[in-house]
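[1] What follows is a predicted structure for the sequence shown.
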Amino acid sequence: MYCTNQINHIIKQGDTFYLLAKHYHTTADRLMALNPSKDPYNLQIGDTLIICPGPTYPTTPIQPDCTDKINHIIKQGDTFYLLARHYHTTADRLMALNPSKDPYNLQIGDTLIICPGPTYPTTPIPPIGTIPPCPVHPVPPIGVVPLPPPVRPVPPIGVVPPIQPPIGIMPPRPTPPVQPPEHCNDAVWKMRHVWLQHIYWTRMVLISIASRLKDKTATVDRLMRNPGDMAKVFGEYFSKENTSKIERLFREHLQIGGELITALSEGRSAAANNLNTEWYKNADRIAEFFSTLSSAYPIEETRRHMYRHLDLTKQQVSARLLGQHMSEIEAFDRGEKEALMMADYFAKGIL
């Protein structure tokens, strides 16, 4: 494959063919063709990839103008959403200043370049996550007796005031413990939980993107925890290497899905068509990989489940963008049932 501006990329933590293809304005298939000896689901940190950037890849990084850059050391709990709030800027601006950082996999101890917004105070403010000390109630000087609290008036004899509970205070209602159905063992119960979380948070991201809500970045951050939660369930039964591949495949599944929803909501038809094709290719890769793990996962049956999941998600997107909310809800209900079926299907391979 001919390339006039070849780049040798050193693999870092969090790199995937999908993310690298986005960064270098190329495709995952082209990266695989240039690096046939690399396992796309098990990239080794420190190895070198040959990359041929696309024609739209800038020769010099494009970054926002900034006269007061700050080097921020990433700490536990940092996300682009929280850092953007703290520094009075936006998550998109942080991503533009730090194109090599995976926003869903920030590494503690790494450095981020941050350009604070014009309203960011020049005087120090408490670090993110810290709480300023509470004010101390003043103590009266020695010899000064504070006034007693006002005495509640006593009603006349024979008059009984009505007894009312304080406004807004209700006694807690006991919640019965949730028990899994008798036919479900621990594996099935956990698998159903992560798959329901998968579709619930996907729906919340869909609503945030389509309605351009301010919680988009925070909601996406929460959704991207799902592949790790899913991998933990499989990790009790499969090797660490296979579990890592499962997490990377489903992380890619969510990343492509989020970009597809964004492209559809913005009316970018060409980009949406390309992302749609890539989404189904990812479903094929998931089906192929699971077929190597267990005979309980026939490749065609796994592919049918994944395709059905994608189809129902796209039906929700289309209905929402057209304002057909009853159809949107019906598609979500069908997607919920399909997610439970997928959970039971994937659980049977680890029983």
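    On my side now, so go ahead. Numbering: from 1, shown residues only.
[2] CA only for contacts and neighbour counts going forward, please
    Fine.
[3] Now do Asn274 against Gln315, distance only.
    Distance of Asn274 to Gln315, given as Cα to Cα, to the nearest Å: 18 Å.
[4] And for Trp195?
    Going from Trp195 to Gln315 by Cα to Cα gives 18 Å.
[5] about what we covered before: comparing Asn274 and Gln315, which residue is more hemmed in?
    Gln315 (17 against 11; other Cα atoms under 10 Å).
[6] and the spatially closest residue to the more buried one that is not a sequence neighbour, what helix or strand is that in?
    Using Cα to Cα, 6 or more residues apart in numbering and skipping the chain neighbours, the partner closest in space to Gln315 is Ala331 (6.2 Å). Using DSSP states H and E, Ala331 falls within helix 325-348.
[7] mind listing what's buried in that helix?
    For helix 325-348, the neighbour count (16 or more other Cα atoms under 10 Å) marks 327-328, 331-332, 335-336, 338-340, 342-347 as buried.
[8] all strands for the chain, in order.
    Ranges of strands in the chain, per DSSP state E, are 7-10, 48-51, 70-73, 111-114.
[9] Among the ones you listed, which one carries the weakest average confidence?
    Note on these: lowest mean pLDDT is at strand 7-10, with a mean of 86.
[10] Residue ranges in the stretch 151-300 of the chain under the pLDDT threshold?
    The stretch 151-300 of the chain contains residues with pLDDT under 70 at 151-185.
[11] And the helices in it?
    With DSSP state H, counting those that start in this stretch as the criterion, the stretch 151-300 of the chain has helices at 186-210, 216-223, 226-235, 240-265, 269-293, 299-321.
[12] Could you tell me the angle between the longest one and helix 269-293?
    This points to helix 240-265. Inter-element angle recorded for helix 240-265 and helix 269-293: 160 degrees (by axes from the mean of the first three to the mean of the last three Cα atoms, to 10 degrees).
[13] Return the list of helices and strands in contact with helix 240-265.
    Helices and strands touching helix 240-265, by 3 or more Cα pairs under 8 Å, 6 or more residues apart in numbering; DSSP states H and E, are helix 186-210, helix 226-235, helix 269-293.
[14] From the chain's centroid, how far away is that helix?
    Offset of helix 240-265 from its chain centre (Cα atoms, centre = their mean, to the nearest Å): 10 Å.
[15] what residues are up against the closest residue to Leu264 other than its chain neighbours?
    Closest residue to Leu264 apart from its sequence neighbours, by Cα to Cα, 6+ apart: Ala272 at 6.0 Å. By Cα atoms under 8 Å, 6 or more residues apart in numbering, the contact list for Ala272 reads Leu260, Ala263, Leu264.
[16] repeat for Met204
    Met204 neighbours (Cα under 8 Å, 6+ apart): Thr219.
[17] ok so, going back, and which of the buried residues of helix 325-348 is nearest Asn35?
    Ranked by distance to Asn35 (Cα to Cα), these are led by Phe346 at 31.3 Å.
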